[in-house]
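J.: Everything below, folded, please.
(one chain, ligands or ions: 1)
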Amino acid sequence: MQTKFILDERDMPSRWYNILADLPSPMPPYLHPKTGKEIVPADLAAIFPQELIRQEVSAKRFIDIPEEVASILRLWRPSPLYRARRLEEHLKTPARIYYKYEGVSPAGSHKPNTAVPQAYYNMQEGIERLATETGAGQWGSSLAFATSLFGMDCTVYMVRASYQQKPYRKMMMQTWGAECLPSPTDRTEAGRMVLARDPDTSGSLGIAISEAVEDAATHDNTNYALGSVLNHVCLHQTIVGQEAQAQLAMDDAAADVIIGCVGGGSNFAGFSFPFIRDKMAGKTPDLDVIAVEPSACPTLTRGLYAYDYGDVAGLTPLMKMYTLGHDFVPPAIHAGGLRYHGDSPIVSRLHADGLIRATAYHQNEVFAAAVTFARTEGIIVAPEAAHAVKAAIDCALECRTTGEAKTIVFNNSGHGHFDLSSYEAYFAGSLADYEYPVDLVRESLGHLPVTG
Ligand SMILES: *Cc1c(COP(=O)(O)O)cnc(C)c1O
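T.: A predicted model of the protein is given here:
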C-alpha cells in the first residue's frame, strides 16, 4: 500500500488554470478607491507589471507558465501527496485521508508558487525592487527568496505582532537579502497615522498593506507584490490542485471532500479551483469544498459580502468580497497568516454562490489537531495549515459515526518549524480562545465604503 504519490518533474503542470473562464456569472468589477468608478488597467500600472494586470482580468482558461518560472518551481515541485494512513488508524475512521504537502518549498509553504512568477514578471518589465507586507512572515520570506533569484531588492513590512513572535522568519528574509521592518513603521504616511492613534498596536495585514502600497506608489523603480487575495495570486497557486488531481488518480481515488485553510484565500483557491472546475462542469456535483478560518477572524462565516478596501488606509481598489471591515484589527492569534479582514473576491463569489462552504475553529482545538497530526503523520504543521488538519479530522470522525468511507483531501499549506513558540504557548496552556469580537466588527462594518 502506497503512502506518498510523487509526480515526475516532467509531469509538473505547464499551465495555470484560470477559474474566471468558468464562473457561472461574471465577477463584480474592482472599483477605484477615490471615484468609486470601475478600475481601468492604467489605474493599477503604478504598482503592478502589465502581465500581472492582464492575468488579473484574463478570460483565458489556461495560462502558460514561462520556462524561467517553471525551472525554479522544479527546485521543489511537484510536491508530494500523502495518504495519511496513521492518522486514519488513530481516528478509527473508515474515511480515506490524503494531504498535499506544500511545506517542501524553500520558504516552507505554498507562497513561493506565486512569489516566483510575480518577481519574474516585475523583473522582465524593468522593476528593481518589490515592496510587500507579511503576516506570519511566510509571504515576506517567500518573496525575499524569489527576488533574490532574479537579483532584485525587496522591502517587507511585517505585522508587528508576528515580527515579535517569529524572529526566525525575519532572519530568513535577511539571509535572502531583503529588508524587513515591523509594521506600522514611521516610514510611511499610513504607518505614522496608525501609530499616532495607537502606538501599542499589534499591527495587522491591512495596515502593512497600506504601507507597502504607499512605498511602491511613491517610488518609480518599485512595485508592490501581494501574497494572496488577488486573482493572479490564486491563478499561480492552481499548480497545486492540478498536481493533486493527477496524484489522486495514481491511487484511483476520487475526492468527496476538499479542505483548505483561508487567510486571503490563495492556498485554498489554488488547491480547490481545479476540483471546483469539475464540480461546475457537473462531473462531481456532490463534491464538498470546505474553507476553514479562525473563529477570531471569521470572514466567510460571519462577514458581509460587500465592497471594501483591501487595506486600512483605503489605498487599494474596492473589491466585492466577504469582509469584517477594512479597519477591523483581528486579535493576535498565532495563525498570523489568517488574520485578514477580507478574502479573495473569487473565493467570496464561490461562497456567495453556494459552491463552497466555510467553517471556523478556535485556536486551542486547532493546535490539539496539529499535535495529533504531528504524533501520527510526523509533520509539524504551520498554525494556519492546522486549521485544515482540524477540519479533516472532524470530517473523518463524522465518517466514523455515519460509517461512510469518504475520501477527504486537504491542503497542508506549510510546516511550522518557525512557529514552535506557538506550540510552546499551546502546551503551556497560555493560548487564548478569542470569542468572535462582535462589537469591534460591528463598528468596523459601519465604516464600509458606500458604492453605487
Ligand atoms: C499565508 C499562509 C496561509 C494563508 O494564506 P492564504 O492566502 O489564505 O493561503 C495558509 N497557510 C500557510 C502555511 C501560510 O503561510
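J.: show me what contacts residue 24?
T.: Counting by Cβ atoms under 8 Å, 6 or more residues apart in numbering, residue 24 touches 280, 353. For every residue, glycine as well, the C-beta is placed using N, CA and C.
J.: again, only using 10 Å
T.: Counting by Cβ atoms under 10 Å, 6 or more residues apart in numbering, residue 24 makes contact with 280, 349-350, 353, 355.
J.: out of those, which are buried?
T.: 280, 349-350, 355 (16 or more other Cβ atoms under 10 Å).
J.: which one of the residues you listed is nearest residue 271?
T.: Closest to residue 271 out of the buried ones among the contacts of residue 24 is residue 350 (13.0 Å), distances taken as Cβ to Cβ.
J.: surely that closest one meets residue 272?
T.: Yes: contact criterion Cβ atoms under 10 Å: residue 350 and residue 272 qualify, at 8.5 Å.
J.: before we move on, the earlier item: closest one of the buried ones among the contacts of residue 24 to the ligand?
T.: residue 350 (13.8 Å; Cβ to the nearest ligand atom).
J.: Are we agreed that that closest one is in a strand?
T.: No: Residue 350 sits outside any strand when classified using DSSP: H, G, I helix; E, B strand; the rest coil, being helix.
J.: how about the nearest residue to it, chain neighbours excluded?
T.: Excluding the flanking residues, the one nearest residue 350 by Cβ to Cβ, 6 or more residues apart in numbering is residue 356, at 4.8 Å.
J.: count of neighbours near residue 198?
T.: By the measure other Cβ atoms under 10 Å, the count of residues near residue 198 is 12.
J.: Over to residue 420?
T.: Considering only other Cβ under 10 Å, residue 420 is surrounded by 12 other residues.
J.: Contact residues of the stretch 51-200 of the chain facing the ligand?
T.: Neighbours of the ligand within the stretch 51-200 of the chain, by Cβ under 6 Å from any ligand atom: 109, 111, 136, 138-139.
J.: one more time with 5 Å, if that's ok
T.: Counting by Cβ under 5 Å from any ligand atom, the stretch 51-200 of the chain comes close to the ligand at 109, 138.
J.: In the stretch 51-200 of the chain, what residue comes closest to the ligand?
T.: The nearest approach of the stretch 51-200 of the chain to the ligand comes at residue 138, 3.1 Å away (Cβ to the nearest ligand atom).
J.: now the helices: where do they sit in the stretch 201-350 of the chain?
T.: Listed in chain order, the helices of the stretch 201-350 of the chain (DSSP state H, counting those that start in this stretch) span 205-217, 231-250, 266-280, 299-302, 345-352.
J.: How about the fourth one and the ligand, touching?
T.: Read it as helix 299-302. No: on the criterion Cβ under 5 Å from any ligand atom, helix 299-302 is out of touch with the ligand, staying 10.1 Å away.
J.: Just the buried positions in that helix, please.
T.: 299-302.
J.: distance of residue 262 from residue 99?
T.: The gap separating residue 262 from residue 99 is 16 Å, by Cβ to Cβ, to the nearest Å.
J.: what about the two, which has more around it?
T.: residue 262 (33 against 27).
J.: Next, that one: phi, psi?
T.: Backbone torsions for residue 262, taken as degrees, to the nearest 10, come to phi -130, psi 120.
J.: Wait, it touches residue 347, no?
T.: Yes: if you go by Cβ under 10 Å, residue 262 and residue 347 touch, sitting 6.8 Å apart.
J.: which stretches of this protein aren't confidently modelled?
T.: Within the chain, the ranges that satisfy pLDDT under 70 run 452.
J.: Not counting its neighbours along the chain, what's nearest the residue positioned nearest the centre of the chain?
T.: By Cα atoms, centre = their mean, the chain has its centre lying nearest to residue 266, at 3.8 Å. Once flanking residues are discounted, residue 266 sits nearest to residue 228: 4.2 Å by Cβ to Cβ, 6+ apart.
J.: List the contacts of that neighbour.
T.: 110-111, 114, 135, 139, 205, 234, 237, 262-269, 310, 337, 340, 342-344, 347.
J.: next one: residue 449
T.: Counting by Cβ under 10 Å, 6+ apart, residue 449 has contacts 31, 33, 36, 306-309, 314, 318, 326.
J.: and residue 434, what does it touch?
T.: Contacts of residue 434 by Cβ under 10 Å, 6+ apart are 294-297, 330-333, 362-363.
J.: need the residues of the stretch 351-452 of the chain near the ligand, please.
T.: Within the stretch 351-452 of the chain, the positions lying close to the ligand (Cβ under 5 Å from any ligand atom) are 382, 384-385, 413-414.
J.: got those as JSON lines, with secondary structure and neighbour count columns?
T.: Converted to JSON lines, those look like this (DSSP: H, G, I helix; E, B strand; the rest coil; neighbours: other Cβ atoms under 10 Å):
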{"residue": "382", "secondary structure": "coil", "neighbour count": "31"}
{"residue": "384", "secondary structure": "helix", "neighbour count": "30"}
{"residue": "385", "secondary structure": "helix", "neighbour count": "34"}
{"residue": "413", "secondary structure": "coil", "neighbour count": "33"}
{"residue": "414", "secondary structure": "strand", "neighbour count": "30"}
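J.: Same list (those) but as a markdown table, adding distance to residue 189.
T.: Shown next, in a markdown table, are those (distance: Cβ to Cβ, whole Å):
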| residue | distance to residue 189 |
| --- | --- |
| 382 | 33 |
| 384 | 30 |
| 385 | 35 |
| 413 | 33 |
| 414 | 33 |
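J.: quick one: which of these is nearest to residue 86?
T.: Checking these against residue 86 by Cβ to Cβ gives residue 385 as the nearest, at 17.4 Å.
J.: ok, for that closest one, nearest residue in space, not its chain neighbours?
T.: Using Cβ to Cβ, 6+ apart, the closest residue to residue 385 is residue 413 (4.5 Å).
J.: so that neighbour makes contact with residue 265?
T.: No: counting by Cβ under 10 Å, residue 265 is not a contact partner of residue 413; they are 11.5 Å apart.
J.: which residues does residue 322 contact?
T.: With Cβ under 10 Å, 6+ apart, residue 322 has these contacts: 262, 265, 291, 293, 298-306, 308, 341-345, 347-349, 351-352, 358.
J.: thinking again about what came up before, and the contacts of residue 24, which two are the farthest apart?
T.: 280 and 349 (12.0 Å).
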